[in-house]
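Participant: need a structure here:
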Amino acid sequence: MLFDLEPKSKREDLYDFETELRRLISGIVNEKIIVVRGLRRTGKTSLMRVALNEAGYPFIYLDLRFSSRPRQSDIAELIRRGLEGFLSRNRSLIDRVKDALLRIRWIKVEVSPIRVEFGLGGHRRLSVGDLLDAINDLGAGLGKAVVIAIDEAQELSKVTWINFNMILAYSYDNLRYVKFLLSGSEVGVLDRFLRVKDPEAPLFGRYIHFVSTRRLSPDESLDFLRRGFEQYGVRPSDDLLVRVVNELDGVIGWLTYVGHQYAVEGRQSLDEVLETATEMALTELRNFLANRSPRYRVLLRELFMRRSWSDLKAAIERAEGRSINDKSLYVLLRELIDHGIVEKINDEYVVADPIIRRTTLKL
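Facilitator: You can find the predicted model right below:
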């Protein structure tokens, strides 16, 4: 169903991203490292899951939800859950997985019920390299690569005690039966993490297959809403549909949320639905702003509408009663853009997400 809030896993539930889906499946089949990029709530996770289910490769799915400073135990738990999910989807492979993991003394696999235990501590450390070698052996035995899918992969940049760039490069060069599928909504942060244009970075010179998600056009947004409501036998007015399209600027995640609130939850007031969405987004924005310069709040209040460089510089100077140099403003805007909060359109800047745009009025 189009209005299901969970990420989609079947093609029939994925709205009209055929071009992106074909490119992503092609990348999974033919390449070693594949990256899906796009703003928050533009369908990256759904696109990944559908592609993984259709590409025909076994996969381990890791959803990165880290604290600000992830510890070894956080990484270990993430991998442990990913392996349990893999085994639950591929019960016929349990014996092969156990055989592949025999060399790793700190991993124990139980079958009934399916359970993976990590015996870390003392002098034992998490060795991602050893685990990848074992996964490569598993893939070699199956005669096909295992895909390691990492959602919101820019979060790995918070891990300072593992050089994931080096690990990706090692896998690219040496592990024939391991592929990586990465996604990221903080596009600039992900690019900084991968450092693909840095001649001194481990991944420099290695091909990475990029796929980007997008906003829906106004006509696509209207069609998406009509199809979604039709699945529930609901017929909203054209005026309501047009207003939703105008408010949500083609962001399919928010279109899905509003449709779900009307068709499933029975909400009747668009203003109330948008207010609830705004409160959700406000929590995200406040988390980003925590421990950051007050200048970010000044900029975000201004960026409710498109603003020029000079407008933004003047706003900060008014707020602080003193002049600032261009480099300071550049750093602030670059950070907002890298985290997918602000986008540059021609020579102007604006908050990218229409609901987060509304939250700036509450800062």
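
Participant: measure residue 207 to residue 30 for me?
Facilitator: Note on residue 207: its distance to residue 30, by CB to CB, to the nearest Å, is 10 Å. From N, CA and C alone the C-beta is placed, and that goes for glycine too.

Participant: nope, residue 162 is what I was after
Facilitator: 28 Å.

Participant: okay, those two: which has more neighbours?
Facilitator: Taking neighbours as other CB atoms under 10 Å, residue 162 and residue 30 compare with residue 162 leading, 16 against 11.

Participant: For burial, what's the neighbour tally of the nearest residue to the more buried one once chain neighbours are set aside?
Facilitator: Leaving aside its sequence neighbours, residue 162 sits nearest to residue 128 (CB to CB, 6 or more residues apart in numbering; 6.2 Å). Using other CB under 10 Å, the number of residues around residue 128 comes to 15.

Participant: what residues are up against residue 128?
Facilitator: Contacts for residue 128 (CB atoms under 8 Å, 6 or more residues apart in numbering) come out as 79, 162, 164, 167.

Participant: so which of those residues would you say is closest to residue 323?
Facilitator: Nearest to residue 323, judged by CB to CB, of the contacts of residue 128 is residue 164 at 40.7 Å.

Participant: Do I have it right that the closest one meets residue 156?
Facilitator: Yes - with contact defined as CB atoms under 8 Å, residue 164 counts as touching residue 156 (4.8 Å).

Participant: Pull up the overlap in contacts between these two.
Facilitator: With CB under 8 Å, 6+ apart, residue 164 and residue 156 have common neighbours residue 193.

Participant: Same drill for these two, tell me which one is more crowded.
Facilitator: Remark: of residue 164 and residue 156, residue 156 carries more neighbours, 23 against 17, as counted by other CB under 10 Å.

Participant: does that one really touch residue 193, like I thought?
Facilitator: Yes - the pair residue 156 / residue 193 is scored as a contact, 6.4 Å apart, by CB under 8 Å.

Participant: shared neighbours of the two, which are they?
Facilitator: With CB under 8 Å, 6+ apart as the test, residue 156 and residue 193 both reach residue 164.

Participant: Count the residues that sit near residue 189.
Facilitator: For residue 189, the neighbour count with other CB under 10 Å is 20.

Participant: Please give the element, helix or strand, for it.
Facilitator: Following DSSP states H and E, one finds residue 189 within helix 187-194.

Participant: any idea how far that helix is from the chain center?
Facilitator: In this view, helix 187-194 has its centroid 12 Å away from the chain centroid, taken as CA atoms, centre = their mean, to the nearest Å.

Participant: In terms of secondary structure, what does that helix contact?
Facilitator: strand 33-37, helix 164-174, helix 326-338 (3 or more CB pairs under 8 Å, 6 or more residues apart in numbering; DSSP states H and E).

Participant: Go through these and pick out the most buried.
Facilitator: Among the helices and strands packed on helix 187-194, strand 33-37 has the highest mean neighbour count (mean count of other CB atoms under 10 Å), at a mean of 24.

Participant: Now the next helix-or-strand element following that one: buried residues?
Facilitator: Next along the chain after strand 33-37, taking DSSP H and E as the criterion, comes helix 44-55. For helix 44-55, burial by neighbour count (16 or more other CB atoms under 10 Å) applies to 44, 45, 46, 47, 48, 49, 50, 51, 52, 54, 55.

Participant: Repeat that for stretch 148-160.
Facilitator: For stretch 148-160, the neighbour count (16+ other CB under 10 Å) marks 148, 149, 150, 151, 152, 153, 154, 155, 156, 157, 159 as buried.

Participant: and that stretch, how far apart are its ends?
Facilitator: End-to-end distance for stretch 148-160, by CA to CA, to the nearest Å: 21 Å.

Participant: same deal with stretch 212-225?
Facilitator: Stretch 212-225 end-to-end distance (CA to CA) = 22 Å.

Participant: Identify the residues contacting it?
Facilitator: With CB under 8 Å, 6+ apart as the contact definition, stretch 212-225 has outside contacts at 2, 15-17, 20, 36-39, 42-44, 47, 236, 241-242, 244-246, 248-252, 255, 259.

Participant: From the rest of the structure, what touches the helix or strand where residue 183 lies?
Facilitator: Assigned by DSSP H and E, residue 183 belongs to strand 178-184. The contact list for strand 178-184 (CB under 8 Å, 6+ apart) reads 27-28, 31-37, 44-45, 48, 51-52, 57, 59, 132, 135-136, 139, 145-154, 168, 171, 190.

Participant: partner strands of it, parallel or antiparallel?
Facilitator: Paired neighbours of strand 178-184 in the sheet (DSSP bridges): strand 33-37 (parallel), strand 146-151 (parallel).

Participant: separation between the residue nearest to residue 162 and residue 199?
Facilitator: 25 Å.

Participant: and if you look at residue 335?
Facilitator: Going from residue 335 to residue 199 by CB to CB gives 24 Å.

Participant: Could you report the neighbour count for residue 320?
Facilitator: Neighbour count for residue 320, taken as other CB under 10 Å: 12.

Participant: what is the mean pLDDT for the longest helix along the chain?
Facilitator: In the chain, with assignment by DSSP state H, the single longest helix is helix 270-289. The average pLDDT within helix 270-289 is 94.

Participant: Show the subsequent helix or strand relative to it.
Facilitator: helix 295-302.

Participant: Could you check the angle that following helix makes with helix 270-289?
Facilitator: For helix 295-302 against helix 270-289, the angle by axes from the mean of the first three to the mean of the last three CA atoms, to 10 degrees is 160 degrees.

Participant: Kind regards, and thank you for your time.
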